[in-house]
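Colleague: pasting the sequence and the predicted model now:
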Amino acid sequence: MGEPLLRVENLKKYFKSAKGSVHAVDDVSFTIEAGKTLGVVGESGCGKSTLGRTIIRLQEPTAGSVWFEGRDVSKLSRQELWEQRRVMQMIFQDPFASLNPRMTISETIEEPMELYHMYPDRTSRQKRAAELMDTVGLARRLYNTYPHELDGGRRQRVGIARALALEPRFIVCDEPVSALDVSIQAQILNLLQDLQKELNLTYIFITHDLSVVYHISDEIMVMYLGQAIEKAPAETLFQNPVHPYTQALLSAIPVPSLHNRRERILMTGELTSPIDPPPECRFASRCRFAQDCCRKGEPKLTEVEPDHFVSCFVCAGEPSSRS
Amino acid sequence: MERKETGYALEIKNLSVEFRTRERTVYAVNGLDLKIKKGQTLGLVGETGAGKTTTALAILNLVQTPPGVITSGSIHLNGECVLQAAPDAAKTGPKHKKQRLQKGMNERELQSMRGRAASMIFQDPMTSLNPVLTVERQIAEVLEKHEGLKKDQALARVREMLELVGIPGDRGREYPHQFSGGMKQRVVIAMALICNPELLIADEPTTALDVTIQAQVLDMMQKLKRQNGTSMLMITHDLGIVAEVCDCVSVIYAGRIVEHGTLEDVFDHTLHPYTAGLFNSLPSMEDRRTRLRPIPGLMPDPSRRAPGCAFADRCEYAAERCFKEPPGTVCRTGEHMVACHLYNRDNIGKEVLRHG
Amino acid sequence: MEVGKRNNKQREEELDFASIPKNSGFKETFFRLCRNKAAVAGMVFLVLLILISVFADVLFDYQTTCVDQTISQRLQWPSAEHWFGTDEFGRDLLARVVHGSRISLSIGVAAVAFGLLVGGILGAVAGFFGGMVDNVIMRACDVFLAVPMMLMAIVIVAALGASITNLVVALAISSVPTFARIVRSAVLGVRDMEYVEAARAVGVKTGRTIARYILPNCMGPIIVQTTLRIAATISNTAALSFLGLGVKPPQPEWGALLSSGREFIRDSAYLACIPGVCIMLTILALNLLGDGLRDALDPRLK
C-alpha cells in the first residue's frame, strides 16, 4: 500500500456572487493510490469540474489542502506551482474549444516541452512530438494541420498528447469523451486505459456518464451540490448503492438492453441552490426517505462497509435495508 | 389533397438529399426508406454525420434549398404526400434558387402542416424558445395559429398542457430564462404537442439534459404519447434511450438505413456489423473488465460516395464484393431487414456475426 | 483511419512530416474575399493607388510640376497636355493629385498604425486583466471619445502648429479609444475560451498567452476595423486641411486641394471636383474592402 499519490483534505472552493457565496466544492476529502483511477460522477452543478480544476490550481482553493507526493500543492508559490505543473496535467472536455485554433497541433504539443526546456533543440522536440502522436494514434502526416481540419476524436487525441508532453504522473480527465460519438468514445477510453498501464498514470476521471465511469474507475465518488455523498470501489457502488441519490442516479441510466432492466426511481423537484446553503442535508428536499433529522445538520461521510463511505443520516449504518 | 388510408403515420421512400456548394457536394441522405406505423415510436439511431437531422428536417420541408437539393424520393405523412422530388431534380446546379419538386406543398400548406400534422423538438432547449415572450404566450401562439382559438380559450388549453408536462400552471407567465434546462425542454414538448400532431419528431431531445432529468422527461413523453396515440420519430445516438422508449429501430449509416426491426430483432438478433459494433462500443454494466471493442476508423467523408457499401472500409467482415456493389436489403422476419452482403435468403436465419 | 500505434511508425518514418506545408486558411479567406466583386474592385483600386503614390516621383517630378508656377498656364480645363487641367498657379493638377495621394495615404496609415499600436495594447491589457485596470483604461478612453475629433485636432494644431506630424498626432489620438474598445471586446470574447485555460495548465505564462493565444484569435475584427479607420482618417485629414489646419501649401494634400479649389468653383469647377472625387473613391474602396474582409473572415458564412 504505502503513501497515496494524492491526498485531498477538506477542499473548498467558493465563488462570490451578487447573491452570496456559491459553494461549488464544499469540504471534499479523498485519497488516490498511484496507478489507480478515481471516477467522480455527478450531474450539472455538482462541482465535479470545479473540483478537478481546483486540485491542479487552475482555480485557487478557498480552503483545504491538496497533498501530492507529500507536498501541499495548494500552498505552493507561483514559481513552485509552475514547476509542479510538469507532474499534474489535465485533459479538457471540449475538443473543439480546448485547442488554440491558430496553432498547428505540433506547435500545441511541442509548446510545453519548449517552455520547460525538456529538450536541447528543435529537432529533438519535433521527434518527441511525432512519437507522442504515434502513441495517441495520430498519423504523422497530420503534423502541420490546424484543429479546424480535424474531427472531434482526433482533436481529443491532440489534447491527450499535449497532456502527456510533460511526462506527468497525474492527469485530471474532465469529461474527455462526453462530446464524442459512441464508437470514438470507446477508442479514446481504450487509449486512456492503455496509457495508464504503460506509463503508470494516476487519473481522476470526471464524467456524468455512469456506464463510462464504471468501466474505467477503480473507485468512484458521487458528488451532489459540491459535496461527496458516496464513495466506494466501482463494483461495490454499483452492486450496493446506499445513498438515495446514488440509487436514483443508477436507476436513471437508460440501459441498452432488453434484459436486466432496473426499476426506475424518479426524483421529484429540482436542485436546491448552491448559494449559502443552510446546514442540513442538501438532498433532503428531493429525497424519498427524508426525515426530520435530515434537516437538522449536515451529514458526514461514514464508513458503512469496508472502503464504502456514505453521507446520509438515514442510510449510513443500515446498508442492507435500503437497496 | 389526396389522402390514402395506409395505417402509417410516416412513409419515406428512397429519399436522397444533397448539399451542393461551389466547392463540393455533400451526400447527406442516400436512398433512405423509413416507415412508422400509427401510434408507434421509431428510434433512428446513428452517429454524427449519418444524416439523421437532415432526414428529420426533410419531413417538415425545413431543409435549406439552396444549398440543399432533394434529388429523389417521396415523403407521406398520414397518407398525404408532403414531398415528391422531380425526376430531373438530380440535375440541379449549385446556383439553383428553388427546389424543383414535382409535388410539394406551398409555403402556406407547409405552415399549416407544421405543428398540426407533424411537429419537431430540437436538441437544445436553450435556443428553441423565444427569450422575449412568456412561456404561455409562445405556446398559445401555436394554438391561435392552427386552431384559430381566441386568446383566453388558448390560454386555458395551454395551462392544461403545462400541467400535463409537469409545470405548475402559474409558472406559465414566466420567461424561458427563469426555467432550468429540463423544464425548458418540457415547455418545448408542450409546444410541440399542444395541437395534438399525429407525428412528433424528437431530435436528440434529452442529450443536453442530466441523466435524472432525462429520465423524468422521457417518462413524461411516454405518458403523453400513450394518452394521445401520437406516433414518434425519436432520433438519438443512445441505444439505452431506444430500449426505453421505442418500439422499432432503424440504424442509419452514411445516409442509408442499414438495419431495421423491432426492439427485439435489433437488440437480441443483431444482424448488421455496424449495429453490432455500436453495441460493442458501449461500456457494459455487467462486465467492466473486458476491453471495449470500438469500430476502427471514422465515418466516411460525406462528400465522397463510395461505389460499394459505405461501411466496407471499417467492417471486419468486408469482402471484395462489399467495395464494389452497394448491398441490397434482405428480410429476416416481416419487420427485420438488413442491408449487408453477408446475408442472403439462405443464411438470414443463422448467426453470422462472430461474438467474443 | 486506424487506431493503432507502432505499426504505423515504420511506414511513416520515411515521410518527412515536419515539412508538410501548413494550411492556415489564408488562401481560403483570400478566395472567399475574391468572390465578393465589390471588395475586389476596392482592392484593385487601392493597389493601383498605392503603386501610384509609391512611384509618384517617377511619374511626376515634384519640383517642376507641383511647386513651380507657370502663371501663363493657369486655370486651364483638362486637356491632352494636362489631363486634370491646371490650378490657379498653372501647376498640373494630375501631378498634384498624384503627390497628394502619397501624403493622404501616409497620413492615414501612420495615424491608424499609431492608434492600433497604442489602442491595441491598452485594449488587450484592459480586456485580459479586467477589474480595476479595465475600469481605469476604459474610463480614460471614454473621456477622449467624449471630445469631438475636430475640436481635439483644432486644439492640438493650435497649440503645436499646423504640420503633418501634428496632424498625424491629432488623428492618432482620436483613433486610440476606438481601437482600445474593439481590441478589448475581442479579447473578452477569447479570454474565457478553454484553450486559454489549457495553456495555463501546461505552463504558458501571461505574456505568451496574450501574444500567442489571445491576440492572434482577435485578428478578424481588428483587421476590418483598421481598413475602416484608414478611410475615416483620410476623410478627417481632408476635412482638417480644408479648414486650414492640416498641411501647409504648397503641399498638395487632397483636402487642401479641395479647399483651394473652392474659390474657383464657378468657372473652374474641376479644381474642386477632381480632388473631391478622389477622396470619395478612396474612402469607398476602403469601405468596400473592409466589408468584404469582414464577410470573408466570418466563420459562420463559410
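Modeller: Everything's here; your move. Residues are numbered from 1 along each chain as shown, chains lettered A, B, ... in the order given.
Colleague: burial of residue B:243, as a residue count?
Modeller: Residues lying near residue B:243 (other C-beta atoms under 10 Å in any protein chain shown) number 20. Where you see a C-beta, it was placed from the backbone N, CA and C, and this is true even at glycine.
Colleague: that one: which element?
Modeller: helix B:239-245 (DSSP states H and E).
Colleague: report the next helix or strand after that helix in sequence order.
Modeller: strand B:248-253.
Colleague: for that following strand, what is the distance to the chain centroid?
Modeller: 9 Å (C-alpha atoms, centre = their mean, to the nearest Å).
Colleague: what is the following helix or strand past that strand packed up against?
Modeller: Downstream of strand B:248-253, the first helix or strand assigned by DSSP H and E is strand B:256-262. Applying 3 or more C-beta pairs under 8 Å, 6 or more residues apart in numbering or on different chains; DSSP states H and E, one finds that strand B:256-262 contacts strand B:25-37, strand B:248-253, helix B:273-281, strand B:337-339.
Colleague: report the angle between the first one and strand B:248-253.
Modeller: Okay, so that is strand B:25-37. 170 degrees (axes from the mean of the first three to the mean of the last three C-alpha atoms, to 10 degrees).
Colleague: now strand B:25-37: mean pLDDT?
Modeller: Across strand B:25-37, pLDDT averages out at 91.
Colleague: parallel or antiparallel, list what pairs with it.
Modeller: Using DSSP bridges, strand B:25-37 pairs in its sheet with strand B:8-20 (antiparallel).
Colleague: neighbours of residue 94, how many?
Modeller: By default, I'm working from chain A. Quick note: residue A:94 (other C-beta under 10 Å) scores 20 neighbours.
Colleague: let me rephrase: I mean chain C.
Modeller: 18.
Colleague: contacting residues around residue B:122?
Modeller: Each residue near residue B:122 by C-beta atoms under 8 Å, 6 or more residues apart in numbering or on different chains is listed here: B:128, B:188, B:203, B:205.
Colleague: in stretch A:263-273, what's buried?
Modeller: Across stretch A:263-273, burial judged by 16 or more other C-beta atoms under 10 Å in any protein chain shown covers A:265, A:267, A:271-272.
Colleague: which part of the stretch 151-300 of chain A gets nearest to chain B, residue-wise?
Modeller: residue A:254 (2.9 Å; C-beta to the nearest C-beta).
Colleague: SS state for the closest residue in space to residue A:308 that isn't next to it in sequence?
Modeller: Once flanking residues are discounted, residue A:308 sits nearest to residue A:232: 4.0 Å by C-beta to C-beta, 6 or more residues apart in numbering or on different chains. Counting by DSSP: H, G, I helix; E, B strand; the rest coil, the backbone at residue A:232 sits in strand.
Colleague: might one say that residue A:232 is in contact with residue A:306?
Modeller: No. Contact criterion C-beta atoms under 8 Å: residue A:232 and residue A:306 do not qualify, at 9.6 Å.
Colleague: give me the element the residue nearest to the spatial centre of chain A is part of.
Modeller: Chain A has residue A:206 as the residue nearest its centroid, 2.6 Å off, counting by C-alpha atoms, centre = their mean. Element membership for residue A:206, per DSSP H and E: strand A:202-207.
Colleague: list the contacts of the residue of chain B found nearest chain A.
Modeller: Taking C-beta to the nearest C-beta, chain A has its nearest neighbour within chain B at residue B:240, 2.9 Å off. Counting by C-beta under 8 Å, 6+ apart, residue B:240 makes contact with A:253-256.
Colleague: and the gap between residue B:41 and residue B:248?
Modeller: For residue B:41, the distance to residue B:248 (C-beta to C-beta, to the nearest Å) stands at 8 Å.
Colleague: same question for residue C:98.
Modeller: 77 Å.
Colleague: now swap in residue C:101 and tell me
Modeller: Distance from residue C:101 to residue B:248, by C-beta to C-beta: 73 Å.
Colleague: next, count neighbours for residue A:299.
Modeller: 22.
Colleague: touching, it and residue A:281? I think so.
Modeller: Yes. Between residue A:299 and residue A:281 there is a contact at 5.4 Å, judged by C-beta under 8 Å.
Colleague: joint contacts of those two?
Modeller: A:312-313.
Colleague: which residue does the stretch 51-200 of chain C have closest to chain A?
Modeller: residue C:194 (4.1 Å).
Colleague: is it fair to say residue A:172 lies in a helix?
Modeller: No. The assignment for residue A:172 by three-state DSSP gives strand, which leaves it out of any helix.
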